[in-house]
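[1] Provided below are the primary sequence and the corresponding predicted coordinates.
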Amino acid sequence: MSHETTAQHDEHDDDHGLGHVVSYGVLFGTGSILLVMTIITVAVTYVDAGEMNMPIALGIAGIKATLVALFFMHLYWDRPFNALVLVASIVFVVLLMIFVLMDSGQYAPSVIKGNAPGVQEVLSIDAPGAPIAEQSQIP
Amino acid sequence: MTTLDATRPHDAKPGPEVDNYLTFTRGFLSWALTLDHKRIGLMYLVSVLGSFLVGGIFALLVRTELLTPGATIPGVDENLYNQFFTLHGAIMVFLVIIPSIPAALGNFVLPIMLGAKDVAFPRLNLCSYYLWIMGAICAVVSLTVGGFDTGWTFYTPYSTTTSTGGVIPVVTGVFILGFSSIFTGMNFVVTIHKLRPPGMTWFRMPLLLWALYATALIQVLATPVLAITLLMLIVERVFLIGLFDPAMGGDPVLFQHFFWFYSHPAVYIMILPAMGIISEIISVHAHRHIFGYRFIAFSSVAIAIFSFLVWGHHMFTSGQSPLMNTVFSLITFSVAIPSAIKIFNWMATLYRGSISINTPMLYGLGFIFLFTIGGLTGLHLGTLNTDIHLHDTYFVVAHFHYVMMGSALIAMVGGLHHWWPKMVGRMYNERHGIIGFALVFIGFNVTFFTQFMLGSHGMPRRYYDYPSEFQIYHVISTIGSYIMAAGFFWTLYLLVQSLFTGKIAPANPWGGRSLEWQCSSPPPHDNFKTTPSVGDCYDFSVVRWSEEEGGYVVDRNDEDASKPDH
Amino acid sequence: MTSIPANPSDQADDHGHDDHDHPHDPNLAHHFESMEQQLDSGKLGMWLFLATEVLFFGGLFAAYAVLRARNPEVFSYASHYLDTMMGGINTCVLILSSLTMALAVRFAQQGRKTLLVICLWLTMGGAVGFLVIKYFEYSHKIHDHLVWGGAFYEPVDEAQKAQLATPLVALDAPLVDGPKEANASEARSIALSQIVNQPEEAASSIKTAVLGPAGLSAAPAAAEAAIEDKESDGHSAAGHLGDPEMPVGTHLFFGIYFCMTGLHGVHVIIGMGVIGWLIWRSQRGDFGPKYFTPVDLGGLYWHIVDLIWIFLFPLFYLIH
């Protein structure tokens, strides 16, 4: 409980009162790093790193997000359970993504693009372009 | 150990001195704008039961229509029939079962059981109730603009192309109901974390609170995915984005992934609090310390976590890849472990208990029986090869009715009987309660056990017409549904009757040990006049019958309370 | 008898410090014991809400991932229609407004009213700036028909209209399906699928689809060439429909782009409402070292809006 609160009555001291008062240095430092990283992530786009471009961009975004969460959102000084809540939500998003991507990657080759041939006949629409059936041939 | 009739021998009147949440303030606005969790819980209860009536009427219409092959009710054609079962499903899932235990019963008992004055965010709680009302209104609006016949799952691309005009209103309604559910969940998590009074440690909490906590975690973590899915569905239908429509390069299986990422955990939003209620009912009415407290508590959390990993078992035949089918089937089986842990612990609690066979206990025992059937048939459906045969048949319908209705709703009704004296301060007629249980239990099994046979013989679900050899099963099932309906109307009658002629309830009619039995019935506005004693809430050795109270009393200064806890 | 519950006076001593300190604090709700408990509860509640926000956007991110994994060529092609400069400036605007919001929380904690109000106004300015830039981006895209689904295939000028006349006949159906217009909408959907799945492109699209998630960034050579064109003259007279290099299903990119940035924009607007309310309360002098919960929680909300944009920016604007 807040014994400090009772001890320091009306002093607006940086280290007392409810919650943690973040220093100017940390706030402006975090802000500057975020701006610099934004420039870096744009610059990196012009370099062809093959398949690594997206992981690099997401990595930088991840670092930026971590900085925001830790210092702007006070998680660094906050109760660990609050951080756990955020991490849990991200874990579940990643879980959803991984399962969906795995599944989609597996069945994607067998998906027929456009309407299935039967549907088109039923609706008797004249198809401009090639018959849909030809497009659905999977090697 | 005790008599069945726990009411006072003499018919005492409630003294005017009693500070009681029902009479604390008066007038319509004092209810409509109340921040008292007990009143909000009661308003939820009335609203949920009203929706249950509407959803039940649609169920009876569906069952009646299926009495004979082809058209049965004059004027009900295939399209109207589709709307009936869709409405029955959507109302029962989103308006009844999901809010029934957490929002109605949970709102009422959670802060009292915890020893808190209210939930952490009372205004958010009221907001959640009005969101529920708005969601319900949207569902009604959808009926007036053409209804909807997509099934409660809103599968694309049908839901984006069907000509029934009510799809967007009802999807908006479910979207709003989702936020109602999220707010309840947030409230419960924060309440349990931050408002535990001194002495109420995590492992002294009644198991219902553990179950509600696990439920609330699911509500917070799963429901937003449903919300965004429904939003995408609306956008897709209005703007033709192409996310889910294969004609536009989209992927309908993606919709199912999103939908079940919420809707499978939602099954546990329904069943987990029911299990919590059963833990209370079984131990209180068997007057025996719950067996394996920590196992039951942790199994609730384990089920909550597992619930996020099994959604794919709804998609075994939807074009999901074989790899994911295998993974999901495997994880699905593992859910049986924490569920079975609970069942065995309840059985062990009953063993050599001093069992009072009264209405709540009968619903509790009924739950164990029905949930076991529902759970075990789930294993048939989780097996990949049998699911090929059984998917989309009445076997599935019977399975999830055994779990959602036979378990979740039966527990809800049992809990309602259990806490009814606390909520309204009156005892219901015990004999009438047992008759109500018998009707519901028999009617339920006649209705749905038949459907297991129908399904394994190949009768597909959601069909309007069927070959005549299935008729005998359908007739039996329909008769069962009438018996069940009679049981529910009877229960409604006996509960309403108790309000007028019931005996005045003592503070502790059943011999419960948790905190809600230590405040008066009905509870005062601030729940407790004096700080309640927090002991082991399942130690019934200190509970004794008191003739002058007309109920049980808990001897304070027991050895548990003297243990230092921090 | 060391029982805490059985002895209420002990308990008051153990847990009632803040009550004794300022028993009549008007900002303390009746069901909380202390201001600290109230702040902690508010924060936990807000974090739970932020978790729901993460999952809310998470669904769209998952949809994005699937679309991109299956249509990598679409994403690397269409991304170059987006203005990296504007996106980059917007990122900086949001980061700066996050900084001023964090400063506002600090000043609220210190009870420095003037600085608090200034910082909140600056944050509000950042939000407005973000939306103004977004408005220019959106109106440009909408003008060029670089939009979702069916509208993407609306011709830009007369020449294109003639060129695309045949398949577009069925497109005249209204956008929103009424009960009676189902067939029209289905017909429209069919007609669109003809355009969407142009035969000469189908083969290549299937090939890239087979690549699956591993082929995320492997843009086909043809698209690379198109990229150079787009960068030199972003909006040629023929518009996007006249571009022979346009891969199948390019509308999907703009569909998910408008979904995600649009939802984010809605959050920015809600955030502006929250900040406006905070400014009003700050000017009234509500906040000080003992009570700053609303500023703190509003700040958390504003940071999550920033945090989501931090991911949206590289995922849409910075595709190589």
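    Thanks, I have it.
[2] please make it C-alpha for all contacts and neighbour counts, starting now.
    Will do.
[3] ok now do the closest residue to A:Ile39 other than its chain neighbours, which residues does it touch?
    Excluding the flanking residues, the one nearest A:Ile39 by Cα to Cα, 6 or more residues apart in numbering or on different chains is C:Gly88, at 7.9 Å. Neighbouring residues of C:Gly88 by Cα atoms under 8 Å, 6 or more residues apart in numbering or on different chains: A:38-39, A:42, C:313.
[4] please redo it, this time with the cut-off set to 10 Å
    A:35, A:38-39, A:41-42, C:94, C:313-314, C:317-318 (Cα atoms under 10 Å, 6 or more residues apart in numbering or on different chains).
[5] next, check the residues you listed against the helices and list the overlap.
    A:35, A:38-39, A:41-42, C:94, C:313-314 (DSSP state H).
[6] pLDDT weak spots in the stretch 351-500 of chain B?
    Residue ranges of the stretch 351-500 of chain B with pLDDT under 70: none are present.
[7] spell out which residues of chain B are next to chain A.
    Proximity of chain B to chain A is confined to B:193, B:217, B:220-222, B:225, B:245-251, B:253-254, B:257-258, B:261, B:308-309, B:312, B:319-325, B:327-328 under the rule Cα under 10 Å from any Cα of the partner chain.
[8] can you pull the phi/psi pair for B:Asp460?
    Let me fix one detail, which is that residue B:460 is Pro and not Asp. phi -70, psi 150 (degrees, to the nearest 10).
[9] list the contacts for it?
    B:390-397, B:454, B:466.
[10] what is the burial count for the closest residue to it other than its chain neighbours?
    Excluding its sequence neighbours, the residue lying closest to B:Pro460 (Cα to Cα, 6+ apart) is B:Thr393, at 4.0 Å. Look at B:Thr393: counted by other Cα atoms under 10 Å in any protein chain shown, it has 22 neighbours.
[11] against B:Tyr473, how distant is B:Thr393?
    To B:Tyr473, B:Thr393 is 14 Å away according to Cα to Cα, to the nearest Å.
[12] what do you get for B:Leu323?
    In terms of Cα to Cα, B:Leu323 sits 37 Å off from B:Tyr473.
[13] cool, and C:Gly285?
    For C:Gly285 relative to B:Tyr473 (Cα to Cα), the value is 72 Å.
[14] got any ranges where chain A has weak pLDDT?
    A:1-17, A:111-139.
[15] so where's the longest helix in it?
    Longest helix in chain A, counting by DSSP H: helix A:80-107.
[16] what's that one packed up against?
    Judged by 3 or more Cα pairs under 10 Å, 6 or more residues apart in numbering or on different chains; DSSP states H and E, the packing partners of helix A:80-107 are helix B:207-239, helix B:252-286, helix B:322-350, helix C:35-70, helix C:199-211.
[17] least reliable of those helices by average pLDDT, please.
    The weakest mean pLDDT among these belongs to helix C:199-211, with a mean of 36.
[18] pull the CA atoms of stretch B:478-489 into CSV?
    Written as CSV, here are the backbone C-alpha positions of stretch B:478-489 (Å, rounded to 0.1, in the frame of the first residue of the first chain):
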residue,chain,number,x,y,z
THR,B,478,-41.1,-33.5,-30.5
ILE,B,479,-43.1,-35.0,-27.7
GLY,B,480,-40.0,-34.7,-25.5
SER,B,481,-39.7,-31.1,-26.3
TYR,B,482,-43.3,-30.5,-25.2
ILE,B,483,-42.6,-32.2,-21.9
MET,B,484,-39.6,-30.1,-21.4
ALA,B,485,-41.5,-26.9,-22.3
ALA,B,486,-44.1,-28.0,-19.7
GLY,B,487,-41.3,-28.4,-17.2
PHE,B,488,-40.0,-24.9,-17.8
PHE,B,489,-43.4,-23.3,-17.6
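[19] figure out how far it is from the centre of its chain.
    19 Å (Cα atoms, centre = their mean, to the nearest Å).
[20] can you list the buried residues in it?
    B:478-488 (16 or more other Cα atoms under 10 Å in any protein chain shown).
[21] also stretch B:82-97?
    B:82-97.
[22] columns distance to B:Tyr268 and secondary structure on top of the buried residues of stretch B:478-489, output as CSV?
    As requested, the buried residues of stretch B:478-489 are exported to CSV (distance: Cα to Cα, whole Å; DSSP: H, G, I helix; E, B strand; the rest coil):
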residue, distance to B:Tyr268, secondary structure
B:Thr478, 28, helix
B:Ile479, 30, helix
B:Gly480, 27, helix
B:Ser481, 25, helix
B:Tyr482, 28, helix
B:Ile483, 28, helix
B:Met484, 24, helix
B:Ala485, 25, helix
B:Ala486, 28, helix
B:Gly487, 26, helix
B:Phe488, 24, helix
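[23] so how far is C:Leu99 from A:Ser23?
    12 Å.
[24] tell me which of the two has more neighbours.
    Neighbour comparison, A:Ser23 and C:Leu99: the larger count goes to C:Leu99, with 25 against 13 (by other Cα under 10 Å).
[25] contacts only, for that one.
    Counting by Cα under 10 Å, 6+ apart, C:Leu99 has contacts A:27-32, A:34, A:68, A:72, C:93, C:119, C:122-123, C:299, C:303.
[26] helix or strand for it, just tell me which one.
    Per DSSP states H and E, C:Leu99 falls inside helix C:84-110.
[27] pull out the buried positions in that helix.
    Counting neighbours by 16+ other Cα under 10 Å, helix C:84-110 gives C:84, C:86-110 as buried.
[28] do stretch C:56-66 as well
    Buried-residue list, stretch C:56-66, by 16+ other Cα under 10 Å: C:56-66.
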